[in-house]
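Student: Here is a sequence together with a model predicted from it:
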Amino acid sequence: MNTKVTIAGVEFKNPVMTASGTFGSGMEYSNLVDLNGLGAVVTKGVANVPWEGNPTPRVQETYGGMLNAIGLQNPGIDVFIERDIPFLKQFDTKIIVNVCGRSIADYVEVVEKLGDQPVDMLEINVSCPNVSHGGIAFGQKADCLYEITQEIKKKAKQPIIMKLSPNVTDITEMAKAAEAAGSDAVSLINTITGMKIDIHKRTFALANKTGGMSGPAIKPVAVRMVYQVANAVKIPIIGMGGIANAEDAIEFMLAGATGVAVGAMNFVNPYTTKEVAEGIEQYMKQYNIENIMDIVGTVR
Amino acid sequence: MNTKVTIAGVEFKNPVMTASGTFGSGMEYSNLVDLNGLGAVVTKGVANVPWEGNPTPRVQETYGGMLNAIGLQNPGIDVFIERDIPFLKQFDTKIIVNVCGRSIADYVEVVEKLGDQPVDMLEINVSCPNVSHGGIAFGQKADCLYEITQEIKKKAKQPIIMKLSPNVTDITEMAKAAEAAGSDAVSLINTITGMKIDIHKRTFALANKTGGMSGPAIKPVAVRMVYQVANAVKIPIIGMGGIANAEDAIEFMLAGATGVAVGAMNFVNPYTTKEVAEGIEQYMKQYNIENIMDIVGTVR
Amino acid sequence: MEQMRKETATVYSQQELATGIYDMWIETGLALMAKPGQFISVYTKDKSALLPRPISICEVDQDHQRLRIVYRVAGKGTKEFSGYQKGDSIDILGTLGNGFPLEAAKGKKVFLIGGGIGIPPMLELAKQLAAEKSIVVGYRNDELFLADELAKYGKVYIATEDGSVGTKGNVCNAIEEQGLKADVIMACGPMPMLRALKAYAEKEGIPAYISLEERMACGVGACLGCVVKTKEKDHHSHVNNARICTDGPVYLASDLDI
Amino acid sequence: MEQMRKETATVYSQQELATGIYDMWIETGLALMAKPGQFISVYTKDKSALLPRPISICEVDQDHQRLRIVYRVAGKGTKEFSGYQKGDSIDILGTLGNGFPLEAAKGKKVFLIGGGIGIPPMLELAKQLAAEKSIVVGYRNDELFLADELAKYGKVYIATEDGSVGTKGNVCNAIEEQGLKADVIMACGPMPMLRALKAYAEKEGIPAYISLEERMACGVGACLGCVVKTKEKDHHSHVNNARICTDGPVYLASDLDI
């Protein structure tokens, strides 16, 4: 039984990853979760310089999900390289660094600094809805996405994954633009922009007014978009959006995702990633699936 | 204490309505719910001729919500005028007829037939994601929306409400197009396109593959869009998307909705509309709100 | 007179009848309006699972105002219900659907046919139907839930998929093997069984009343989620679709295009 | 040695201490690692409400391996918890946060200050702290939950918003009215109270350790949801934000920009 998956030439021991922003740099959860059991750790977004992020409250619960407006707080790439990468290198898992920026130059600076680092892939966050210049425009206009993808691809030493925003009319246009510009893979979905209002205080529940919605509530939207993108492009997909258990993960894989990432559910059950990996093996046994790659995109 | 709201010159005894497609033509729920307690009944979409709709399964449950792909099955406008309008006229509530079509001519035919009918407003469904020619293009492209709005407005004898799709990059562009073309109000959100896969049968859970997602799960997206639209246009808004109780309804009103519609939750608790109307009155008492209209759009 | 409503009722008893098949009595005034072949919608307490589960009525006790449902654990909703115990609350909407037309079989030779979890509605039907009843039931194996109780109201013929009891195969095999005949069929079970009975009835030139199931949302005919294709235009929909929750779940098989 | 984990623990007891204030003892091995000022994350069974609720530890019983939490019903999560009874399961993650630095107050004159639902963590702190303790607690009214128990470990001074007991007003009014003095402050309560104590401590030239609360998601420092502005760049974040769940919830007030 083979749980290995390959994405853009990188081999993962299993398809299970962490969704950027929900697992810190791995360190924070390493007392609870054996990182060696993960296909990859996808780190919280890192920029060329430290970012303060948004005021609090930054998180709120919603029905079956949550909103966050962290605003990509991060310590900057230099600290990240010095502290977080060496920590992650202790474990037998792949490292995918999520890269954020306010301009193409910002992204390129981070990507270049990571060039000689022992990281396996770069996930390019062009779809964070919570920072005013956080690159969301790059993720909502196909021509902008094409341009930034091309510029980053030129400089990147590792395969790149463009992370797509669901806040678009046609996700396939975005995926096609990323593919055409040379992206090695795409990941989707980032969070869906949402809002919560406190009716007693008559104010926004998040200091940022809007936030990004995640959790099981949004899973059907994510599965639909993964399916659409799988039918539109040839590059591999990392699927995410509300994965809470192996059944959910398998749903994404059947829809077309080669990798699957657990996001908000890490907060609800820190052992979710482990349970997903184990559940995928059980499903393979139940249905005599020799290679997990064989089920990817088979519901058509 | 005044719970009345006015939308495009039409006065409603309270802001509580039913979302199109979740309440039939009122008749089906009239044994469970006193229609006299509603601000308005918004009927299931009706076309110029009968529509068969999609194959089954047409509905599926999702986490905190549901997917539907009914495909706008309806008996056609002639039967509707003969049977459903007279039924609804027995009650002391406003009648909003939801109109669907496959072409501008279809819509116009229905609107013209309704011209001399005792209905209060027309809601134009240009955003159903479940029928291949169900007008979704009209709801996802601002110029198409502008054109159809203009054509319908020319013929309509009643005020029109364009119902907006959330499956767009920028909902405010759509709202502005509707406003510019003469729409008297907008309603939002229609369902969000989603998908569910049965991992054991390895097939789509809905015969139509994709469906429209509704229910409490999507509320934060709906509130965000109502807020954005309220800041972008001057015409009134009917807000909907996961309203389960008065707190939810008030959240929409604070975000900018003058009317509020209960959708999927009618299926979960048929008494939701009544409870929402009662809960709004309690909130008004608790905070000494004289006119419910005074809270509309006050969170900024 | 009782009227359709959603209410919080009380579990009177619950037991596991067979592997994964549960038997629950519910205390509710809705028993006073319940007819054989009708169903109730049961709501979960799990707030992530919002849509009610339609479950057919197995037995009605009007004297004590109780309804009995016998159901299979098939997902998280029914799994939750199976954990309820005497005294627990249970939210239900009912009673729903048309039920079987007792008049159509009165005094005649009738097949009451149930397959798997389609067997339960046959019990109340068998109780109420004044006719010459041959009760044909199909099971997976030798876990013959409700067979004893059905035997009080007519002769019971059993088919099992694994051949452990009665005819090996399905209800049609049992009818054939036993050389049974009837003037009317009333049946509930999986779609392949219902299709076979529809064909059998046409061949025999007898009416078959069959009870269908489908994914539902509202249960009251509003959402049009649960429809079945009809031969002729439906009187309500004006297209070839009828609503299972309200126009059904029981149809004359020859009216359907299944 | 116990280690931070999520586990399904068991409710040992629960009672309502005051209107809307509940007192629950939980049987858990996590008691062995619990320190005053730490908290646990408590998960709801309501699947629509996914994020855990951070609740401060009120008392620790290492002999019996039990933790006590005293909490206010503020929403659907805490409402659910308040219905739990002895023997019910309860999912918790812990123990979390840094706790109060006992060494910083050892042998000194110390104010232990709690406002409202900030009072509970003062109890275990009062038990463990070997110091000359003045315990100043602020309530809304005469429902003086935990005051008796606190009195076992030091002199208790009470302020009530409605003036029904002790000083009318808040804890600062009580300190002033009673002419109290201390070398160190340890406090938990609403932000306005903490801000006032920060100002008071600066005026008096004494250190104040204050415990904060904020909306959290992960509870383990990963999501950066719960941060507080710091005067200097934080050693971990490299910006002027520290994570309340891990770097806190207890901070030296002078390190914060609140």
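Tutor: Received, thanks.
Student: how close does the residue of chain A most remote from its centre sit to B:E247?
Tutor: In chain A, counting by Cα atoms, centre = their mean, A:H200 sits farthest out from the average C-alpha position, at 34.7 Å. Taking Cβ to Cβ, to the nearest Å as the criterion, A:H200 is separated from B:E247 by 9 Å. Glycine gets a C-beta too; all of them are placed from N, C-alpha and C.
Student: C:V70 now?
Tutor: Per Cβ to Cβ, C:V70 is found 39 Å from B:E247.
Student: Which residue of the two possesses the greater neighbour count?
Tutor: Set side by side, C:V70 and B:E247 show unequal neighbour counts under other Cβ atoms under 10 Å in any protein chain shown, the larger going to C:V70 at 22 against 16.
Student: hang on, the more buried one packs against C:Y22?
Tutor: Yes. With contacts defined as Cβ atoms under 8 Å, C:V70 counts as touching C:Y22 at a distance of 7.0 Å.
Student: Next up, the contacts around C:E7.
Tutor: C:28-30, C:91-93 (Cβ atoms under 8 Å, 6 or more residues apart in numbering or on different chains).
Student: Name the residues linked to it by a beta bridge.
Tutor: Note on C:E7: beta-bridge partners C:I92, judged by DSSP bridges.
Student: Kindly state the domain boundaries assigned to chain C.
Tutor: Residue ranges for each domain of chain C read C:5-96, C:102-211, as given by automatic domain parsing.
Student: Output those in CSV; the columns should cover distance to D:N240 and mean pLDDT.
Tutor: Shown next, in CSV, are the domains of chain C (distance: least, Cβ to Cβ, whole Å; pLDDT from 0 to 100):
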stretch, distance to D:N240, mean pLDDT
domain C:5-96, 39, 97
domain C:102-211, 63, 97
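Student: one step back: can you verify the residue farthest from the centre of chain A is assigned to a strand?
Tutor: No. According to DSSP: H, G, I helix; E, B strand; the rest coil, A:H200 belongs to no strand; its state is coil.
Student: what pLDDT does it get?
Tutor: If you check A:H200, the pLDDT there is 97.
Student: Now do the contacts for it.
Tutor: The contact partners of A:H200, taken as Cβ under 8 Å, 6+ apart, number zero.
Student: what about it, distance to B:V299?
Tutor: With the distance defined as Cβ to Cβ, A:H200 ends up 12 Å from B:V299.
Student: what do you get for A:T203?
Tutor: When Cβ to Cβ is the yardstick, A:T203 and B:V299 sit 6 Å from each other.
Student: More neighbours: those two, which one.
Tutor: Neighbours per residue (other Cβ under 10 Å) separate A:T203 from B:V299, with B:V299 holding more: 21 against 14.
Student: related to what we said a few turns ago, overlap in contacts, A:T203 and B:V299.
Tutor: Counting by Cβ under 8 Å, 6+ apart, the common neighbours of A:T203 and B:V299 are A:I197.
Student: tell me the SS of A:I161?
Tutor: With three-state DSSP as the basis, the three-state label of A:I161 is strand.
Student: Just give me the neighbour total for it.
Tutor: Taking other Cβ under 10 Å as the criterion, the count of residues near A:I161 is 29.
Student: what sits against it?
Tutor: A:I161 is in contact with A:7-8, A:96, A:121-124, A:183-187, A:238, counting by Cβ under 8 Å, 6+ apart.
Student: Now do the spatially closest residue to C:K181 that is not a sequence neighbour: how many residues are near it, please.
Tutor: Nearest in space to C:K181, with sequence neighbours left out and distances taken as Cβ to Cβ, 6 or more residues apart in numbering or on different chains, is C:K109 at 6.8 Å. Neighbour count of C:K109, defined by other Cβ under 10 Å: 15.
Student: my guess is C:K109 meets C:G154, correct?
Tutor: No. With contacts defined as Cβ under 8 Å, C:K109 does not count as touching C:G154, sitting 10.6 Å away.
Student: Which neighbours do those two have in common?
Tutor: The contact lists of C:K109 and C:G154 share C:132, C:134, where a contact means Cβ under 8 Å, 6+ apart.
Student: Name whatever forms a beta bridge with the closest residue to A:S183 other than its chain neighbours.
Tutor: Distances taken as Cβ to Cβ, 6+ apart put A:M162 closest to A:S183, at 4.4 Å, once the chain neighbours are dropped. With DSSP bridges as the criterion, the beta-bridge partners of A:M162 are A:I124, A:V186.
Student: quick one, what contacts A:M162?
Tutor: A:124, A:126, A:145, A:149, A:178, A:183, A:185-187 are the contacts of A:M162 under Cβ under 8 Å, 6+ apart.
Student: a markdown table for these, including pLDDT, neighbour count and distance to C:V171?
Tutor: What follows is the contacts of A:M162, written out as a markdown table (pLDDT from 0 to 100; neighbours: other Cβ atoms under 10 Å in any protein chain shown; distance: Cβ to Cβ, whole Å):
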| residue | pLDDT | neighbour count | distance to C:V171 |
| --- | --- | --- | --- |
| A:I124 | 97 | 31 | 60 |
| A:V126 | 89 | 28 | 60 |
| A:L145 | 93 | 30 | 59 |
| A:T149 | 96 | 24 | 61 |
| A:A178 | 97 | 31 | 56 |
| A:S183 | 98 | 28 | 57 |
| A:A185 | 98 | 24 | 53 |
| A:V186 | 98 | 30 | 52 |
| A:S187 | 98 | 31 | 51 |
